[in-house]
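J.: below is the sequence, then the predicted model.
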Amino acid sequence: MKSQRFVSIVLSMFCISMAAGVWGAEPIKALIVDGQNNHGNWPQTTEMMKSYLTETGLFQVDVARTAPSGKDPNFAPKFSDYRVVISNYNGADWPESTQKSFEEYVRGGGGFVVIHAANNAFADWTEYNRMIGLGGWGGRSEKSGPYVYLDREEKLVRSEDKGPGGHHGSQHPFQVIVRDGDHPITLGVPRAWLHMQDELYDYLRGPAENMEILATAFADPKFGGSGRHEPMLMVLEYGKGRIFHTPMGHGNNSQECVGFITLFVRGTEWAATGNVTVKVPSDFPTADATASRPFKK
């Protein structure tokens, strides 16, 4: 009995010690940048993403917001205060000094997360396009870099064909296929899972340097798509910085998808630290069924 009690006490002390270590850990400081976007729901999606990160207990999240329209000469976040920056921004160019500061931040090892229309932004900012790998709209063309996709035989293609960058068909649920299940972000994620109704970006193009495609979705021509397997989850390196990029996340409903939430949080943790501790939840979507968590403030 005494030995059992001793073991019980030791285990209790160990658990308390471990919990104190976790609770006492410094939070990952994250910054969401927004303020302008061609998507009118951007204030809601910023709130949603901030909540998703905060709920993990890993992150402390701030928001840096530009003026509501036009160039904002006073927009100058101190990026170096954060381990990861999440962009929910698609609007006027940042001041040149802010652009340079951001380049130095990511190149020096800062994490960066690109969500949906953030890859429409800054078509003429060379280094930004190197960070995001692929982008759309904003006047992008063959001068911006190749189209990158998997063809119908699921072979990687880098096409120098002429044409604009950026397109999507009608919104619909679509199946996401994991192409690298060994990456920390996708480790343990089902190979195929059904995403909620969303815009499926296709014909994205850009430098695509130091980029790995983690997952794709087939842009079905019956919905107006390209007929190609288009990148849906990407990781990139820019200097010492890590970038996680997903074109998903158009509407509030798409950001309520458990698949989106899980991979957004895991991708943000990876961009910040190089590791992933957030688990794949039991309610993750399957190949044939979506899964949603209605957002509540």
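T.: Alright, I've got the coordinates.
J.: what is the neighbour count of Pro73?
T.: 11 (other C-beta atoms under 10 Å). (Each C-beta comes from the backbone N, C-alpha and C, glycine too.)
J.: quickly note the distance from Ala208 to Val176.
T.: Separation of Ala208 from Val176 (C-beta to C-beta, to the nearest Å): 19 Å.
J.: more neighbours, those two?
T.: Taking other C-beta under 10 Å, Ala208 and Val176 do not tie; Val176 has more neighbours (29 against 21).
J.: which helix or which strand is home to the more buried one?
T.: In the assignment (DSSP states H and E), Val176 maps to strand 172-178.
J.: how far out from the middle of the chain is the following helix or strand past that strand?
T.: For strand 172-178, the following helix or strand on the C-terminal side (DSSP H and E) is strand 192-198. In terms of C-alpha atoms, centre = their mean, to the nearest Å, the centre of strand 192-198 is found 15 Å from the chain centre.
J.: counting by contacts, list what the following helix or strand past strand 192-198 packs against.
T.: Using DSSP H and E, the helix or strand that follows strand 192-198 towards the C-terminus is strand 201-202. Where contact means 3 or more C-beta pairs under 8 Å, 6 or more residues apart in numbering; DSSP states H and E, strand 201-202 is packed against strand 167-168.
J.: what residues of stretch 263-283 count as buried?
T.: Neighbour counts using 16 or more other C-beta atoms under 10 Å place 263-273, 276, 278, 280 of stretch 263-283 among the buried residues.
J.: quick one: terminal-to-terminal distance for it?
T.: Using C-alpha to C-alpha, to the nearest Å, one end of stretch 263-283 lies 13 Å from the other.
J.: give me the mean pLDDT for that stretch.
T.: For stretch 263-283, mean pLDDT rounds to 98.
J.: strands paired with the strand holding Val176, and their directions?
T.: Here strand 172-178 is paired, per DSSP bridges, with strand 192-198 (antiparallel), strand 211-218 (antiparallel).
J.: pLDDT below threshold where in the chain?
T.: Applying pLDDT under 70 to the chain flags the ranges 1-24.
J.: show me where it has its strands.
T.: With DSSP state E, the ranges of strands along the chain come out as 28-34, 59-65, 84-87, 111-115, 147-150, 156-159, 167-168, 172-178, 192-198, 201-202, 211-218, 229-238, 241-246.
J.: which of those strands sits closest to Glu96?
T.: Between Glu96 and those, the tightest spacing by C-beta to C-beta is seen for strand 28-34, at 16.3 Å.
J.: elements contacting that closest one?
T.: helix 42-55, strand 59-65, strand 84-87, helix 258-273.
J.: tell me the angle it makes with helix 42-55.
T.: With axes from the mean of the first three to the mean of the last three C-alpha atoms, to 10 degrees applied, the angle from strand 28-34 to helix 42-55 works out at 170 degrees.
J.: in the sheet, who's paired with the closest residue in space to Val114 that isn't next to it in sequence?
T.: Spatially, and ignoring its direct neighbours in sequence, Val114 is nearest to His245 (4.1 Å; C-beta to C-beta, 6 or more residues apart in numbering). Beta bridges link His245 to Val114, Met234, judged by DSSP bridges.
J.: mind checking how far His245 is from Ala118?
T.: Computed as C-beta to C-beta, the His245 to Ala118 distance reads 8 Å.
J.: what's the answer for Tyr82, then?
T.: 16 Å.
J.: when these two are compared, which one has more neighbours?
T.: Set Tyr82 next to Ala118 and count neighbours by other C-beta under 10 Å: Ala118 wins out with 25 against 22.
J.: count of neighbours near the residue lying closest to that one once chain neighbours are set aside?
T.: What sits nearest to Ala118 in space, not counting adjacent residues and going by C-beta to C-beta, 6+ apart, is Ser87, at 3.9 Å. The number of residues packed near Ser87 is 25, by other C-beta under 10 Å.
J.: correct me, but Ser87 touches Gly35?
T.: No. Using C-beta atoms under 8 Å as the test, Ser87 is too far from Gly35 to be in contact (10.8 Å).
J.: could the strands paired with strand 172-178 be laid out in JSON lines, adding mean neighbour count and distance to Gly169?
T.: Shown next, in JSON lines, are the strands paired with strand 172-178 (neighbours: other C-beta atoms under 10 Å; distance: least, C-beta to C-beta, whole Å):
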{"stretch": "strand 192-198", "mean neighbour count": "21", "distance to Gly169": "11"}
{"stretch": "strand 211-218", "mean neighbour count": "22", "distance to Gly169": "11"}
